[in-house]
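Visitor: I would like the atomic coordinates for the input below:
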Amino acid sequence: MKESFEEILRKNELKVTGPRLNVLDIVASREAAISQPVLEKMLGKDIDRVTLYRILKTFEEKGILHKVIDLNGTANYAICSSSCTEHAHHDEHFHFNCTNCLNVYCMNDFHLPALQLPKGFTAQSVNLAISGVCKHCNAVV
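Guide: Numbering: from 1, shown residues only. Have a look, this model is predicted:
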């Protein structure tokens, strides 16, 4: 990341707190998106469920994290691109759902073609999901 987590929080007019920094550290350190229940287990007693929910909601609203729904309908979170803001998310990329390990990966290297919607339609979000077997699970087979 180009910016430190502290800079990201300050830029978004958020207090720099231990729980917020811990959440960002865990989410940014992972190759795959992470769900709230998994985050909650990793954080242990350092943070309660309600505080974690509020942090994730705030980070999503501010354009720090984006939400990805997995094959089971569970929300997972990943770091947004640096061009995301409170007013506009720019995470138009594919998400890969592994049917074996159930991890969700952001496929940032694949760019979506420009959408040509009919007159009068305005896109507010784009969700493109691919299901299959990830490189880690394929290596085991």
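
Visitor: What is the top helix by length along the chain packed up against?
Guide: Ordering each helix of the chain by length in residues (DSSP state H) puts helix 49-62 first. Helix 49-62 is packed against helix 18-29, helix 36-43, strand 65-69, strand 75-79, with contacts defined by 3 or more Cβ pairs under 8 Å, 6 or more residues apart in numbering; DSSP states H and E. Any C-beta I mention is one placed from the backbone N, CA and C, and that applies to glycine too.

Visitor: Turn those into TSV, including mean neighbour count and mean pLDDT.
Guide: Below are these laid out as TSV (neighbours: other Cβ atoms under 10 Å; pLDDT from 0 to 100):
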stretch	mean neighbour count	mean pLDDT
helix 18-29	16	95
helix 36-43	15	93
strand 65-69	21	89
strand 75-79	22	92
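
Visitor: Any chance of the ones you listed in JSON lines with distance to R10 as columns?
Guide: Below are the helices and strands packed on helix 49-62 laid out as JSON lines (distance: least, Cβ to Cβ, whole Å):
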{"stretch": "helix 18-29", "distance to R10": "11"}
{"stretch": "helix 36-43", "distance to R10": "22"}
{"stretch": "strand 65-69", "distance to R10": "17"}
{"stretch": "strand 75-79", "distance to R10": "17"}
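
Visitor: Nice, that's everything, thank you.
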